[in-house]
Structures are given as structure tokens and as C-alpha cells.
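>>> predicted structure and sequence below. I'll ask about it afterward.
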Amino acid sequence: MSTNPQALELNRTIEQANPSVLRLLSRRGRAIYFPSKGIVQQGADAKGATINATIGVALEDDGSPMALPALAGRVRLDPALAFNYAPPYGRPDIRNAWEKALLAKNPSLAGAAISKPVVTAALTHGLSMAGYLLVDEGDEIIIPDLYWENYDLLFGSAYGGRLRPFPMFDGKGFNVAGLRAELGRGAPGKRLVLLNFPNNPTGYTATVEEAQALRAALVEAAERGCDVAALIDDAYFGLVYEKGILTESMFGLLAGAHERLLAVKFDGPTKEDYVWGFRVGFVTFGCGRSSPAMYEALERKLVGAIRGNISNVANLSQSLLAAAYRDPAYDEQKRGKYAVLRRRYEEIRRLLESHPEYAAVAEPLPYNSGYFMCLKVREEIDAEALRQRLLSKYGVGVIALGPLVRIAFSSTPLPAIARLLGSIYRAGLELRNG
């Protein structure tokens, strides 16, 4: 099947600005495009026409969206902000608001040339679209060995990629040397790297020093002749609880780091704004060698993939978020929720430090941020058996991941944390002692 001329034109635009970025694209990525003269564009051209018979929505005779009173009566928004389609790239107001916030939260981006955030159906969908654009069957994705299991589905099952894990920790902290070794394997070529801070499942974020070392390792690979795409999963961005930990996104350190290094940021309000069911996310590109035309071409490819996948993202969720970002109480409310999570984190740390006997059952992996922390159980204790014992005898639910037990303190009330940890200790002793 021949490639559409519109896709070829986007490819030429990208290649003229930065051939490395074009080489990173998958076969799907090179073939995709957003139709410049299709139905959506023709509908946009007709906006404001006296009679607009272009778009496939149902309107009342007065031009307002048709809406069932059973639904409209439950939505305190202009029906046009709830029931109409959103634009393919996302609502302009929420894109602008997110871009402004992104720059404010990441001072390292000052002066950097990056794309405008494109709206996706939450962060998971953004990652999937990155797989569409970047991952060919057999491509390897370098990743720490402690990772969100959905990556297997997103990049492996869906696009035929292969995760290539390296040990996340080296006994001191993040295993930068392990990443550097994986980047250096084989001849120079395409390198896909996925970093997730705060990490799920461990709740670990790189220190400021580790973050700079990670940047150096990726730049070294680019200087060696590799075309590098760094995928930055910022699902839990902002939830950092200790000093000396990176409070910016790695995207800020990488977006302009090298001409052969394409950084792709995946973020959104799901965890940052506590709206898990809204399903809104953002994808932003940054590279050391770029042009506005290149970013526009990448955005058009991304939006083409979105249109071919889900058409567009829910308007209602975007409208609600855009209104929240204009609310003068938004920042203070967000700080209040952060404080709740930080108190739970601090209570776990306090209890583990004040109960050294718990080490007879399990010891914590490094953690400093996010929603989670992990305990590594002793070799003589099976983590899955521990999970089952906690459920059946103590009424406590945790996640077993190989030799690890993941605790979501994000969903555990502060008064229940002592019981949670005590139950793990008692159940572990019962299993160990038979």
C-alpha cells in the first residue's frame, strides 16, 4: 500500500528540520497523517457559515446541541461545552492552560523550543499513540526492571515491541550505569528509553544528581550516533516529598539536550488534579534541533493517529478542567490534597523507622514520592502467599509483584497505616515460621 502524499509531505518537513527524528518514526508513524482537506478540516472551514451542514452532530433549530434533558439537567455547563465534539488537537483553552503550567513547573524549559501539548484520552492513550508513532515490531524499549505492567500491553502486545529491562537500583540509588550500559549495547542506531518518575510501583524519583547523570547518559548515546527517543511518563508529577529530589520533569532536562535526542512528555490531570475518571492527558515533544514546522508535523501525525484510534477526546472533561484552572482557589485546593498524601508518606517512613523488627519480614526499596512504596520480602517468604494471607486473615489488600509487595498509601487512610504495616509483619512471621 502506497503512502499518502500528505504523510510524505509531513515526513519531508520533519526530515528537513531533523533527519534523526524521522529515523525514529515507525512504519506506522511515517505513514500516518491528519487529513488537511478531510471532513474535520472542511467542517472547520465552515465554522461561522450562515448554514453549516458539514459536521455530524445533531442541533436544535436554534443551533444549540441536541441534548436529553435527563443528561443536560445534570451538567452545569453551556451545552456546547459538554455535548459537542472537542477539536481534534484538544480544546485550545485547556492546551494553553496546560502549556502555561508546564513551563511554570519546569524552569529548565525556559527558552527551549517545544511543541504545544496535544490532548489525549489520558496518559495511557498518549503512551499508546507514542507506540504507534515510534515502535516497530521487534524494537526494544530500554526500561528499569520495576515498571507499570501496562507497558507490556502498550508496547509489546499492541505494537510488537520488546521491553529491555535493567536493574533499577544499584544499592545506592537509581542505576544510571545500568542505563548507560544498555544504551551502549550494539552499533549506533535507534534507541527507545522509557523513564517514569515518580515511579510506579516503587514511588522513587531520581535525585537531582541522578537526573543530571541520566541526562548525560542519554546525551552520550546521541553523541555516539544513536537516534534516541526518551519517553517521559509523568503520571505522578509533582508528588515529591523529600529534599534533594528532582522536582521538575526529566523532560525539562532533555527537551533541548541534543539534536539526536527527542524527548516526549506524557502527563495530565489524572493524578495531578485527582480526576482519575476524566481521561484527559497531554503529549509534548522537545528536541535539540527542531523547527515550528517540524513540531506541527509531529502534532499532525499524532492527531492523525488519535483520529484513527478514538476520533477525539471527551469535551466535557476538558471543559470542566479548563474551568477549574481558572478558579482562583485551584492552587490552594491542590496544595491541600498534596499535604494529605505527604502526611501518609511520612507516617509510613516514621513507622518503618520506629519498628526495626519489621525487617525480619520485609525491607523497603528506596522511595520518596508518588502514590506507592514497595517492600521486598525475605527469600523464605512468598510475596503472593503473603498477599493471600493478608486478604484472608487480616482483611488487608496489597499488590504482589514477584518478591515485592506494593503499598498504595495514596488510598490508605492515615489512621489505617499502622494496622497495614503491622498486619504485613504478623502475616509474614506466620508464613516464615510455618
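Received the coordinates, thanks. Residues are numbered from 1 along each chain as shown.
>>> would you mind measuring from L253 to F197?
Distance, L253 to F197, by CB to CB, to the nearest Å: 11 Å. (Each C-beta comes from the backbone N, C-alpha and C, glycine too.)
>>> same question for G43.
Distance from G43 to F197, by CB to CB: 40 Å.
>>> neighbour count winner among the two?
Set side by side, G43 and F197 show more neighbours around F197, with 29 against 16, by other CB atoms under 10 Å.
>>> who's in contact with the more buried one?
Applying CB atoms under 8 Å, 6 or more residues apart in numbering to F197 gives the contacts Y204, T205, A206, D234, Y236, L246, S249, M250, S369.
>>> so which of these is the closest to G308?
D234 (25.2 Å; CB to CB).
>>> quick check, the closest one in contact with S249.
Yes. At 5.1 Å, D234 counts as touching S249 under the criterion of CB atoms under 8 Å.
>>> L8 versus the residue nearest the centre of the chain, what's the distance?
Centroid-nearest residue in the chain, with CA atoms, centre = their mean: D233, separated by 3.4 Å. Separation of D233 from L8 (CB to CB): 31 Å.
>>> how about the worst-scoring helix or strand of the chain on mean pLDDT, which residues are buried there?
Every helix and strand in the chain was compared by mean pLDDT, DSSP states H and E; the lowest is helix 39-45, with a mean of 78. By neighbour count on 16 or more other CB atoms under 10 Å, the buried set for helix 39-45 is V40, G43.
>>> going forward, begin numbering at 27 instead of 1
Happy to do that; since the first residue is 27 now, the last one works out to helix 65-71.
>>> buried residues in the helix or strand following it?
The helix or strand immediately downstream of helix 65-71 is helix 95-98, counting by DSSP states H and E. Across helix 95-98, burial judged by 16+ other CB under 10 Å covers A98.
>>> ok, residues contacting helix 95-98?
With CB under 8 Å, 6+ apart as the criterion, helix 95-98 contacts P105, A108, F109.
>>> gap between that helix and the chain center?
Here the centre of helix 95-98 is set off from its chain's centre by 34 Å, with CA atoms, centre = their mean, to the nearest Å.
>>> I'd like the mean pLDDT over that helix, please.
Average pLDDT, helix 95-98: 90.
>>> alpha carbons only: can I get stretch 295-314 in PDB?
This file holds the C-alpha atoms of stretch 295-314, laid out as PDB (Å, rounded to 0.1, in the frame of the first residue of the first chain):
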ATOM      1  CA  PRO A 295      -4.500  15.800  35.300                       C
ATOM      2  CA  THR A 296      -5.400  12.200  36.300                       C
ATOM      3  CA  LYS A 297      -3.200  12.200  39.300                       C
ATOM      4  CA  GLU A 298      -2.000  15.800  39.300                       C
ATOM      5  CA  ASP A 299      -5.600  17.000  39.700                       C
ATOM      6  CA  TYR A 300      -7.200  13.900  41.200                       C
ATOM      7  CA  VAL A 301      -9.600  13.200  38.300                       C
ATOM      8  CA  TRP A 302      -9.000   9.500  37.500                       C
ATOM      9  CA  GLY A 303     -12.200   9.100  35.600                       C
ATOM     10  CA  PHE A 304     -11.900  12.200  33.400                       C
ATOM     11  CA  ARG A 305      -9.400  10.500  31.000                       C
ATOM     12  CA  VAL A 306      -7.600  13.600  29.700                       C
ATOM     13  CA  GLY A 307      -3.800  13.700  29.100                       C
ATOM     14  CA  PHE A 308      -1.200  15.500  27.100                       C
ATOM     15  CA  VAL A 309       1.700  14.700  24.800                       C
ATOM     16  CA  THR A 310       4.500  17.300  24.200                       C
ATOM     17  CA  PHE A 311       7.600  17.000  22.100                       C
ATOM     18  CA  GLY A 312      11.000  18.600  22.600                       C
ATOM     19  CA  CYS A 313      14.300  18.200  20.700                       C
ATOM     20  CA  GLY A 314      17.700  20.000  20.500                       C
END
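>>> report the buried residues of that stretch.
295-299, 301, 304-314.
>>> and the gap between G362 and N394?
For G362 relative to N394 (CB to CB), the value is 21 Å.
>>> those two - which one has more neighbours?
Between G362 and N394, counted using other CB under 10 Å, N394 has the larger neighbour count: 25 against 10.
>>> is it true that the more buried one touches K269?
No. The criterion here is CB under 8 Å, and N394 misses it with K269 at 9.5 Å.
>>> tell me what the single longest helix found in the chain is packed against?
Ranked by number of residues, the top helix in the chain under DSSP state H is helix 356-380. Packing partners of helix 356-380 (3 or more CB pairs under 8 Å, 6 or more residues apart in numbering; DSSP states H and E): helix 443-459.
>>> name the helices or strands packed onto the helix it packs on?
helix 356-380, helix 409-415.
>>> and these: which comes nearest L85?
Minimum separation from L85 across those (CB to CB) falls at helix 356-380, 32.8 Å.
>>> picking that back up, out of the buried residues of stretch 295-314, list just those in helices.
The helices, defined by DSSP H, take in P295, T296, K297, E298 from the buried residues of stretch 295-314.
>>> let's have these in CSV, adding distance to I65 and pLDDT.
Compiled in CSV, those are given as follows (distance: CB to CB, whole Å; pLDDT from 0 to 100):
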residue, distance to I65, pLDDT
P295, 29, 97
T296, 30, 97
K297, 35, 96
E298, 34, 96
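>>> quick one: which of those is nearest to F192?
Nearest to F192, judged by CB to CB, of these is K297 at 25.6 Å.
>>> all strands of this structure, in order?
Assigned by DSSP state E, the chain shows strands spanning 144-146, 166-170, 188-192, 216-222, 253-259, 287-293, 307-313, 388-390, 398-403, 425-427, 430-434.
>>> thanks a lot, see you next time.
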